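Trainee: Here's a sequence, model it:
(one chain, ligands or ions: 1)
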Amino acid sequence: MDLGLDLGLSNLGAAADNAYDVVIIGGGPAGTSTAIYTARADLRTLVIDKGLTAGALGITTKISNYPGVPGPISGAELVEIMRQQAESFGATFITDKVVGLDLSSDPKMVMAGTGTFTAKAVVLATGSMGRTSSVKGEEEFLGRGVSYCATCDGAFFRDQDVAVIGNNDEALEEALFLTKFAAKVYLIVPTPELKAREFLVHEITESAKVEVMLGTRLKEVIGETLVTGVRVQPRGGAEQVLPVSGAFVYLQGGKPITDYLMEQLPTSVEGCLAVDAEMQTAVPGVFAIGDLLCTHIKQAVIAAADGVIAAVAVDKYIHGRKKLQIDWN
Ligand SMILES: Cc1cc2nc3c(=O)[nH]c(=O)nc-3n(C[C@H](O)[C@H](O)[C@H](O)COP(=O)(O)OP(=O)(O)OC[C@H]3O[C@@H](n4cnc5c(N)ncnc54)[C@H](O)[C@@H]3O)c2cc1C
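Mentor: Numbering: from 1, shown residues only. From the prediction side, this is the model:
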């Protein structure tokens, strides 16, 4: 039994209405700025984002230094305003997690939990909130009960108990998704309160299938061939083992998120992608922007500026132009 990426990648055919000029992976300030410009340039634009508070700006409580927006405003509110602006020009946003890409095909293929999309150009804007598998047992049981994608693997856990570990929109959305299949969902939250959008917090607390464990750390994933439980510890309390057969981990860190690339692009030792002056990677038609590039100054306005450079370059690439062309209207 393989509960990992294979399921998400098996559906390689894309429906015609899933065909886009440009697919942008990540809807933070970088990806959303690209969408504003590509949609305005009449390119059929899709942004796939796994959750507003799974991004660096999305988790920022107050921001007062974004030009033109005196604030203070929450990062999530600022991203929402940007997204509405992109939507007003025709961009489509969906909440989903990209689990794989095929950059060698023409058009390029983008595999997400709910389906496959094709694109003439792809923009990578997934930020740097990633982490390595650091919890004991996490790597050992990956694909054998440990998963990072409930939409890909949730159906394997019908009538079983599972644990979701994390505290952001993505974790709560995935926990709610799992209630369709699982008998019980433990939501293990390392901090004392939930940090996700209000409607998600409401749905989670109302769900009869979800038990929220606040201020609780995941210490170990345990099992034999498959996962049989997770060892957790509440703050100031004793460790306990929750008997679950699935552990869905959505913890955040400070590494560039590139796992879905499946080594199709070279990265530095730190996991950073390299791009040229037009934000294009080593593969023509594939662009990377924002915190994903390990820019030495990580700020929303810089990520947004990267997005504009990439958008203009995407337009040049798709139309086979020799020079960049900007529509100033
Ligand atoms: C605590 C904190 C405070 C900050 N304060 C400020 C500030 O005051 N001013 C300022 O200018 N900057 C601030 N920053 C920095 C700023 O937030 C970042 O530089 C900026 O958000 C980077 O934008 P980005 O679009 O590259 O990445 P992000 O904002 O991280 O967005 C990446 C997006 O990609 C999505 N994603 C990731 N993986 C996938 C996947 N596999 N499939 C689909 N979607 C995916 C995520 O859901 C996320 O929405 C702060 C950062 C932090 C962490």
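Trainee: near the ligand, which residues of this structure show up?
Mentor: Residues of the chain lying close to the ligand (CB under 6 Å from any ligand atom) are 25-31, 48-51, 54-60, 63, 65-66, 97-98, 125-127, 129, 257, 260, 290-292, 298-301, 303. To be clear about C-beta, it is placed using only N, CA and C from the backbone, and glycine gets the same treatment.
Trainee: which among those end up buried?
Mentor: 25-31, 48-51, 54-60, 63, 66, 97-98, 125-127, 129, 257, 260, 290-292, 299-300, 303 (16 or more other CB atoms under 10 Å).
Trainee: In strands, which of those residues fall?
Mentor: Ile25, Ile48, Asp49, Val98 (DSSP state E).
Trainee: Can I get these in CSV including pLDDT and distance to Ile326?
Mentor: What follows is these, written out as CSV (pLDDT from 0 to 100; distance: CB to CB, whole Å):
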residue, pLDDT, distance to Ile326
Ile25, 98, 24
Ile48, 98, 26
Asp49, 97, 26
Val98, 96, 28
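Trainee: Among these, give me the pair with the biggest separation.
Mentor: Across these, no pair lies farther apart than Asp49 and Val98, at 9.2 Å, counting by CB to CB.
Trainee: Stretch 196-211 - what's its average pLDDT?
Mentor: Taken as a whole, stretch 196-211 has an average pLDDT of 96.
Trainee: For it, buried residues please.
Mentor: Buried residues in stretch 196-211 (16+ other CB under 10 Å): Ala196, Arg197, Leu200, Val201, Glu203, Ile204, Val210.
Trainee: Can you add secondary structure and give these back as CSV?
Mentor: Formatted as CSV, these follow (DSSP: H, G, I helix; E, B strand; the rest coil):
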residue, secondary structure
Ala196, coil
Arg197, coil
Leu200, helix
Val201, helix
Glu203, helix
Ile204, helix
Val210, strand
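Trainee: Check the residues you listed and tell me the two furthest apart.
Mentor: For the buried residues of stretch 196-211, the maximum inter-member distance is 15.9 Å, found between Arg197 and Val210 (CB to CB).
Trainee: In helices, which of the residues of the chain next to the ligand appear?
Mentor: By the criterion of DSSP state H, membership of the residues of the chain next to the ligand in helices covers Pro29, Ala30, Gly31, Ala300, Val301, Ala303.
Trainee: is it possible to export the residues you listed to CSV including pLDDT and distance to Val244?
Mentor: Output for those, formatted as CSV (pLDDT from 0 to 100; distance: CB to CB, whole Å):
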residue, pLDDT, distance to Val244
Pro29, 98, 36
Ala30, 98, 36
Gly31, 98, 34
Ala300, 97, 37
Val301, 97, 43
Ala303, 98, 37
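Trainee: what's the burial count for Leu251?
Mentor: Neighbourhood size, Leu251 [other CB atoms under 10 Å]: 21.
Trainee: May I have the phi/psi pair for the spatially closest residue to it that is not a sequence neighbour?
Mentor: Of all residues not flanking Leu251 in the chain, Gly166 sits nearest, at 5.4 Å (CB to CB, 6 or more residues apart in numbering). For Gly166, the backbone dihedrals (degrees, to the nearest 10) come out as phi 150, psi 170.
Trainee: Which strand or helix spans Phe151?
Mentor: Actually, residue 151 is Thr. It isn't Phe. helix 150-153 (DSSP states H and E).
Trainee: pLDDT of that helix, averaged?
Mentor: Computed over helix 150-153, the mean pLDDT rounds to 88.
Trainee: Same check on stretch 321-329?
Mentor: Computed over stretch 321-329, the average pLDDT equals 74.
Trainee: Quick check: phi and psi at the residue most central in space within the chain.
Mentor: Against the mean C-alpha coordinate of the chain, by CA atoms, centre = their mean, the closest residue is Lys50 at 3.8 Å. Main-chain torsions, Lys50, degrees, to the nearest 10: phi -80, psi -10.
Trainee: If we ignore the residues flanking it in sequence, what's nearest it?
Mentor: Per CB to CB, 6+ apart, closest to Lys50 is Lys97, 4.1 Å.
Trainee: Go ahead and confirm the one you found touches Thr114.
Mentor: No - taking CB atoms under 8 Å as the contact criterion, Lys97 and Thr114 are not neighbours in contact, 9.1 Å apart.
Trainee: residue contacts, Asp42?
Mentor: By CB atoms under 8 Å, 6 or more residues apart in numbering, the residues touching Asp42 are Gly90.
Trainee: Surely it forms part of a strand?
Mentor: No - using three-state DSSP, the assignment for Asp42 is coil, not a strand.
Trainee: From Gly90, how far off is it?
Mentor: Note on Asp42: its distance to Gly90, by CB to CB, to the nearest Å, is 8 Å.
Trainee: now His296
Mentor: Taken as CB to CB, the span from His296 to Gly90 is 34 Å.
Trainee: More neighbours: the two, which one.
Mentor: More crowded of His296 and Gly90, by other CB under 10 Å: Gly90, with 14 against 6.
Trainee: Distance from the chain centre to stretch 143-154, please.
Mentor: Computed by CA atoms, centre = their mean, to the nearest Å, the chain-centroid distance of stretch 143-154 equals 15 Å.
Trainee: what does that stretch contact?
Mentor: 1-5, 7-8, 96-97, 99, 112-114, 137-139, 164, 174-175, 177-178, 180-182, 221, 223, 225-227, 245-250, 259.
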